[in-house]
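**Q** Need coordinates for the below:
(one chain, ligands or ions: 1)
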Amino acid sequence: MSTDPNRYVAKPILFDLTPADFRAHLPALLSIYVTAMRYPRGTEHHRAPMWSEHAGRSGWKAVAAALPDAPGTPVGIAYGYRGNPHQWWNQQVRTGMRHVGLPSDRIDEILDDYFELTELHVHPEAQGHGIGEALLRRLLHDRTERTVLLSTPEVPEEDNRAWRLYRRAGFEDVVRRFVFTGDARAFAVLGRRLPLDPDPSSGRSEVPR
Ligand SMILES: CC(C)(COP(=O)(O)OP(=O)(O)OC[C@H]1O[C@@H](n2cnc3c(N)ncnc32)[C@H](O)[C@@H]1OP(=O)(O)O)[C@@H](O)C(=O)NCCC(=O)NCCS
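**A** Reported below is the predicted structural model:
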């Protein structure tokens, strides 16, 4: 990718992906994910079958971002699907909610009707220009679920772009310092009601919302 810092000020193109588009672009999308999350090379091979399976889930939606000078090369990806009690993530989060003492009627209310924001990543060279927020807004703008839930790694002082974006978008704590089975790291589960609030910066933004 170009390292010209001015390149990414240009308006990105945002486009919805069909499951077939998503699967066709999977190597490029997984490369964004591995680079953005700083995972070891090779992680994409483990993730590919899972991402492909996700694309068949009920209520699945994916949005990609590309830059006008390279419309065929995605620089960002966001996707998710409607949550349901048969999913591993749902079961893990339910356990986490029980551990922190949330009453069962509150747990049922939260997990009854939600969209799981499963992945949101922007290539590091394209970060810091509002592309992540534009992807988030486009992914969520037509959702009919009552809430959106996500999990993100805990970081000291919530000091990274993901945390700043989620807080700016109004996400609140559901469970903190949760350890999913099979992953030693601590995660936060965050959520908020839908729809998202109108974008306060829409007047100043160069990117489509
Ligand atoms: C989290 C992530 C998707 C956010 O995407 P992004 O495009 O970098 O971030 P945003 O859309 O929030 O951009 C906002 C930043 O751009 C700046 N910006 C510049 N122009 C902007 C505009 N027109 N509109 C909004 N923000 C703008 C903001 O000041 C802000 O800077 P800051 O983060 O230093 O405070 C991305 O940083 C990423 O992939 N991170 C690594 C992977 C990750 O953690 N994913 C989430 C895991 S759950």
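**Q** For residue 51, which non-adjacent residue is spatially closest?
**A** residue 26 (6.3 Å; C-beta to C-beta, 6 or more residues apart in numbering). C-beta coordinates here come from the backbone N, C-alpha and C atoms, glycine included.
**Q** Now for the one you found: which residues touch it?
**A** Shown in contact with residue 26 (C-beta atoms under 8 Å, 6 or more residues apart in numbering): 48, 51-52.
**Q** Can you flag which of those residues belong to helices?
**A** 48, 51-52 (DSSP state H).
**Q** Out of those residues, which end up buried?
**A** Buried subset of those (neighbour count, 16 or more other C-beta atoms under 10 Å): residue 51.
**Q** would you turn the ones in helices among the contacts of residue 26 into CSV with pLDDT and distance to the ligand?
**A** Shown next, in CSV, are those (pLDDT from 0 to 100; distance: C-beta to the nearest ligand atom, whole Å):
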residue, pLDDT, distance to the ligand
48, 98, 18
51, 98, 14
52, 98, 20
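**Q** Regarding the residue of the chain found nearest the ligand, which helix or strand does it belong to?
**A** Relative to the ligand, the nearest point of the chain is residue 132 (2.0 Å; C-beta to the nearest ligand atom). In the assignment (DSSP states H and E), residue 132 maps to helix 131-140.
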